[in-house]
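Peer 1: missing the sequence, but the structure's below:
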């Protein structure tokens, strides 16, 4: 018996993805007081973790519609990478007070790739029917 049916998975994973993406965009675009958050130049792990989670949730949501094939994984990884590019470029807009960095985007795409690898591993574990 499946933990969640496809309809429930679609609903919950879609809601989680939307909330996560909203928080990601808000967190990277809202100006923050420098005295409360001091991560300038040392935020690569935050980028890695943020896009790890994004890709993981994207794969879970995608799975609720169709099987996640190698092509699907590449599409999800590409979408996460494009999201990272747009995120970095829009941080240069006036009033945001953030910087666009290639290293941040690289942390994004590496985090997304690792998120997908962990997702694949967990799917293999949970797809086994025999838990002896």
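Peer 2: Great, that's in hand. The structure presented is a predicted model; accordingly, all values stated were derived computationally and were not measured.

Peer 1: helix or strand for the nearest residue to residue 65 once chain neighbours are set aside, which one?
Peer 2: Of all residues not flanking residue 65 in the chain, residue 10 sits nearest, at 6.9 Å (CB to CB, 6 or more residues apart in numbering). All C-beta spots, glycine's among them, are computed from the backbone N, C-alpha and C. Residue 10 is located in helix 6-29, with elements delineated by DSSP states H and E.

Peer 1: Could you identify the helix or strand that succeeds that helix?
Peer 2: Using DSSP H and E, the helix or strand that directly follows helix 6-29 along the chain is helix 44-63.

Peer 1: Show me what counts as buried in that following helix.
Peer 2: 44, 47-48, 50-63 (16 or more other CB atoms under 10 Å).

Peer 1: Run through who's touching that helix.
Peer 2: 9-10, 13-14, 16-17, 20-21, 24, 27-28, 39, 68, 72-73, 76-77, 79-80, 83-84, 103-105, 107-116, 118-119, 123 (CB atoms under 8 Å, 6 or more residues apart in numbering).

Peer 1: Just the buried residues out of these, in PyMOL syntax.
Peer 2: A single PyMOL command selects the buried members of the contacts of helix 44-63 (16+ other CB under 10 Å):
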select buried, resi 9+10+13+17+20+24+28+68+72+73+76+77+80+83+84+104+105+107+108+109+111+112+113+114+115+116+119
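
Peer 1: Find the centremost residue of this protein, please.
Peer 2: Centroid check for the chain by CA atoms, centre = their mean gives residue 54 as the closest residue, at 1.2 Å.

Peer 1: What score does that residue have for pLDDT?
Peer 2: On the pLDDT scale, residue 54 is placed at 97.

Peer 1: From residue 7, how far off is it?
Peer 2: Distance, residue 54 to residue 7, by CB to CB, to the nearest Å: 23 Å.

Peer 1: With residue 73 instead?
Peer 2: 23 Å.
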